[in-house]
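Student: sequence first, predicted model second:
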Amino acid sequence: LVELDEGAIEVMLAFAATQPSGTSGHATMALQQMHGAAARVDPAATAFPHRRDQYDFLILSQWSDPADAEQHSAWTREFFAAMEPFTERAVYVNNLGTEGEDRVREGYGANYDRLAAIKAIYDPTNLFRSNQNIRPRA
């Protein structure tokens with residue numbers, strides 16, 4: 001979230017009131033403010049490109065009973081969709097699961113192509129491909 005405006009707060013409050021709990025789970029949201037020294041670093045100076053005053057917005061749903069899966073998944077997807085108008089197409093790479101290459105690209109932003117070129121030099125066979133993989137540029 002670049003800014004925490006009234007519309008985003010209203011959506012968060014609405015979903016907080018309906019968050020599932022189930023017998024084996026918990027759902028919540030979190031905001032982590034990024035500002036100060038971290039926001040003053042040039043976005044091209046490191047792999048992490050999202051360097052400005054902003055909020056990392058996280059929706060977390062977890063459960064152990066398979067019977068709770070549909071309720072938690074639906075709430076999370078609906079919440080994410082409702083927040084999209086207030087967010088940019090970016091993601092903190094450590095928050096990613098298995099959402100695919102497009103989301104990995106959003107995690108590294110404008111730095112992705114530079115990182116893929118570096119990986120082509122130091123890991124051309126893509127040996128280090130775990131987690132949120134950057135594929136070496138051919």
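Tutor: Perfect, thanks for sending it.

Student: spatially central residue in the protein, please.
Tutor: Centroid-nearest residue in the chain: Val91, 3.5 Å away (criterion: C-alpha atoms, centre = their mean).

Student: for it, give its distance to Val11.
Tutor: Distance, Val91 to Val11, by C-beta to C-beta, to the nearest Å: 18 Å. Backbone N, C-alpha and C define where each C-beta goes, glycine included.

Student: before we move on, what about His35?
Tutor: Using C-beta to C-beta, His35 is found at 22 Å from Val11.

Student: also Arg114?
Tutor: Separation of Arg114 from Val11 (C-beta to C-beta): 35 Å.

Student: and what of Thr87?
Tutor: Thr87 sits 11 Å away from Val11, taking C-beta to C-beta as the criterion.

Student: quick one: the strands in this protein?
Tutor: Here the chain has its strands, by DSSP state E, at 25-34, 54-63.

Student: who does the last one touch, helix- and strand-wise?
Tutor: This means strand 54-63. strand 25-34, helix 69-83 (3 or more C-beta pairs under 8 Å, 6 or more residues apart in numbering; DSSP states H and E).

Student: and these as a markdown table, adding mean pLDDT, mean neighbour count and distance to Phe57?
Tutor: Putting the helices and strands packed on strand 54-63 into a markdown table (pLDDT from 0 to 100; neighbours: other C-beta atoms under 10 Å; distance: least, C-beta to C-beta, whole Å) gives the following:
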| stretch | mean pLDDT | mean neighbour count | distance to Phe57 |
| --- | --- | --- | --- |
| strand 25-34 | 87 | 14 | 6 |
| helix 69-83 | 94 | 15 | 7 |
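
Student: make CSV from those and add distance to Val2 to it.
Tutor: Shown next, in CSV, are the helices and strands packed on strand 54-63 (distance: least, C-beta to C-beta, whole Å):
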stretch, distance to Val2
strand 25-34, 11
helix 69-83, 12
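
Student: among those, which comes closest to Tyr108?
Tutor: Closest to Tyr108 of these is strand 25-34 (C-beta to C-beta; 16.1 Å).
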